[in-house]
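*Asks:* The sequence and its predicted three-dimensional model are supplied below.
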Amino acid sequence: QSALTQPASVSGSPGQSITLSCTGSSSDIGGYDFVSWYQQHPGKAPKLIIYDVSHRPSGVSNRFSGSKSGNTASLIISGLQPEDEAEYYCGSYRGSSPYVFGTGTKVIVL
Amino acid sequence: EVQLVESGGGLVHPGRSLRLSCAASGFTFKDYAMHWVRQAPGKGLEWVSGIRWNSDIIDYADSVKGRFTISRDNAKNSLYLQMNSLRAEDTAFYYCVKDRVGGSYLDAFDIWGQGTVVAVS
C-alpha cells in the first residue's frame, strides 16, 4: 500500500500563495472524489481542512482551497500566514486497499 | 463537545499483545464509521483499520492484517484495537478517528483523538 506522493517541503513568504501537490493513481485520486487534506502542527493531532476534493469544514479559513486534475490533487494556501507553518497530508479512498495518506509536505513560512 | 479519548498504550516486548480503547462523546457514536490511524516517530500518517457503523465492513492495512483486530461497542460508545504479535515497526502514536458523515465509510476523518503511544521494544 504505497503512499501518495507529496513534495517534502514548500516555502513562501507571508501574504503569498502556495500550492501543495499530491500525486496518486487511477486507483485512488483519479478514481474517486474522496480526497481530503489534513494540517498537523508539531505535537498535535491532525486537523481536517479539506474533504471531498474541494470542500471546507465549518470553521476552516477560506484561504485553504482544494482541487483535482487526473491523478493529482492540489491544496492552495492563499495569503500565507505564520500559523500556516505545519505539516500537510493528503488522503484518498483507494477501493480495496482501502485508504491511503500522502507522504506529507512541510510548509515553511519565510 | 465532540471528543475521542484513547487509552491502553504503553511499552511492550516484541511478540506480545496490547489492547487500545477509544471513548467517544459528544456525537451519536453508533451512526459513524470509526478508524485507527498511526504515526511512527517523525514519520507520516498510516491508516491502520476501519469499521463501519454496524460492523458489517471491517478493513485492515496489509501491514497489520492477521495481527490486529478492530471492534466496537455502540452501547458503550467505544472503539477498540486488539494488537497481537507486536513488532518494533508497530511503534507509533495511535489515533482514534471519526468518519465525517454518518453512514459513510472512508469519506474523510473530521475528529481525531490526542493519541496514545505504543512502543514495542
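*Replies:* Arrived safely, thanks for sending. Here the structure is a predicted model, which is why all the values come from computation and not from measurement.

*Asks:* gap between the residue most central in space within chain B and residue A:3?
*Replies:* For chain B, residue B:36 is the residue whose C-alpha lies nearest the centre (CA atoms, centre = their mean; 2.5 Å). Distance, residue B:36 to residue A:3, using CB to CB, to the nearest Å: 17 Å. In this view, the C-beta of every residue, glycine as well, is placed from N, C-alpha and C.

*Asks:* Could you verify my assumption that residue A:62 touches residue A:56?
*Replies:* Yes: counting by CB atoms under 8 Å, residue A:62 touches residue A:56, with 6.8 Å between them.

*Asks:* now residue B:11, which residues is it bridged with?
*Replies:* Beta-bridge pairing for residue B:11 (DSSP bridges): residue B:119.

*Asks:* From the structure, what's the count of residues near it?
*Replies:* Neighbourhood size, residue B:11 [other CB atoms under 10 Å in any protein chain shown]: 11.

*Asks:* so who does it touch?
*Replies:* Listed by CB atoms under 8 Å, 6 or more residues apart in numbering or on different chains, the contact set of residue B:11 reads B:119-121.

*Asks:* May I ask which of those has the most neighbours?
*Replies:* Busiest of the contacts of residue B:11 [other CB under 10 Å] is residue B:120, holding 18 neighbours.

*Asks:* Could you pull out the helices in chain A for me?
*Replies:* Taking DSSP state H, chain A contains no helices at all.

*Asks:* Chain B against chain A: which residues are in contact?
*Replies:* B:35, B:37, B:44-47, B:50, B:59, B:61-63, B:95, B:100, B:106-110, B:112-115 (CB under 8 Å from any CB of the partner chain).

*Asks:* In strands, which of these fall?
*Replies:* B:35, B:37, B:45-47, B:50, B:59, B:95, B:109-110, B:112 (DSSP state E).

*Asks:* How many neighbouring residues does the residue nearest to residue A:37 when sequence neighbours are not counted have?
*Replies:* Closest residue to residue A:37 apart from its sequence neighbours, by CB to CB, 6 or more residues apart in numbering or on different chains: residue A:50 at 4.0 Å. For residue A:50, the count of nearby residues is 26 (other CB under 10 Å).

*Asks:* contacting residues around residue A:50?
*Replies:* Listed by CB under 8 Å, 6+ apart, the contact partners of residue A:50 are A:35-37, A:56, A:60, A:64-66, A:75.
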